[in-house]
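Q: Sequence and predicted structure below; questions after.
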Amino acid sequence: MNESKMKENNNSVIEFIERVESEKKKADAYQLLEIFEEVTGYDGKMWGPSIIGFGSYHYKYASGREGDAPLVAFSPRKAKVSLYLTYESEERDELLEGFGKHTKSKSCIYVNKLADIDTNVLKNLIKHTVEIYQNRYTKE
């Protein structure tokens, strides 16, 4: 069975953000770090080489595959900022109605810059995601 590359590690979140090439993306990453920490109450931790996660949960699928994942996370990628929030759902879609300029996939929301979105809606999305995963999974 393949082991996930996205594991929590002791790499420095600040050192990672400082390596972001774009000054605007770097500033957005610091602002996101502050928002995620404020809303979740968790310090940011590196997960794999490029994801900043907050809190964690343990999952186990019917297939037997299991592991740990951050409750919420983000990554300042070159093209866009990836927001790892709750999976596609009616509730998520309702919250995204007033979010601003973004694209989405099943489990990610992508934004070009924070100026394009409503950070209050982001805070609600973060709270929503934490509640869902804390209710769905228990930390063993």
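A: Cool, the structure landed.

Q: What ranges does this structure have for its helices?
A: Using DSSP state H, the helices found in the chain span residues 13-18, 23-40, 90-96, 119-136.

Q: got the buried residues for the shortest one?
A: By neighbour count on 16 or more other CB atoms under 10 Å, the buried set for helix 13-18 is 13, 16-17. Where you see a C-beta, it was placed from the backbone N, CA and C, and this is true even at glycine.

Q: Distance to residue 129 added to these, as TSV?
A: What follows is those, written out as TSV (distance: CB to CB, whole Å):
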residue	distance to residue 129
13	19
16	22
17	21
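
Q: Closest one of those to residue 102?
A: Nearest to residue 102 among those is residue 17, at 21.1 Å by CB to CB.

Q: Spatially nearest residue to that closest one (excluding sequence neighbours)?
A: Nearest in space to residue 17, with sequence neighbours left out and distances taken as CB to CB, 6 or more residues apart in numbering, is residue 29 at 4.6 Å.

Q: List the contacts of the one you found.
A: By CB atoms under 8 Å, 6 or more residues apart in numbering, the residues touching residue 29 are 17, 20, 52, 74, 76, 81.

Q: Filter these down to just the ones in strands.
A: Judged by DSSP state E, these include 52, 74, 76, 81 as members of strands.

Q: how about residue 111, what does it touch?
A: Applying CB under 8 Å, 6+ apart, the residues near residue 111 are 80-81, 83, 100-102, 117.

Q: let's go with 6 Å and repeat that
A: Counting by CB atoms under 6 Å, 6 or more residues apart in numbering, residue 111 touches 81, 102, 117.

Q: Which of the residues you listed are buried? Put it as a PyMOL command.
A: Buried residues among these (16+ other CB under 10 Å), as a PyMOL selection:
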select buried, resi 81+102+117
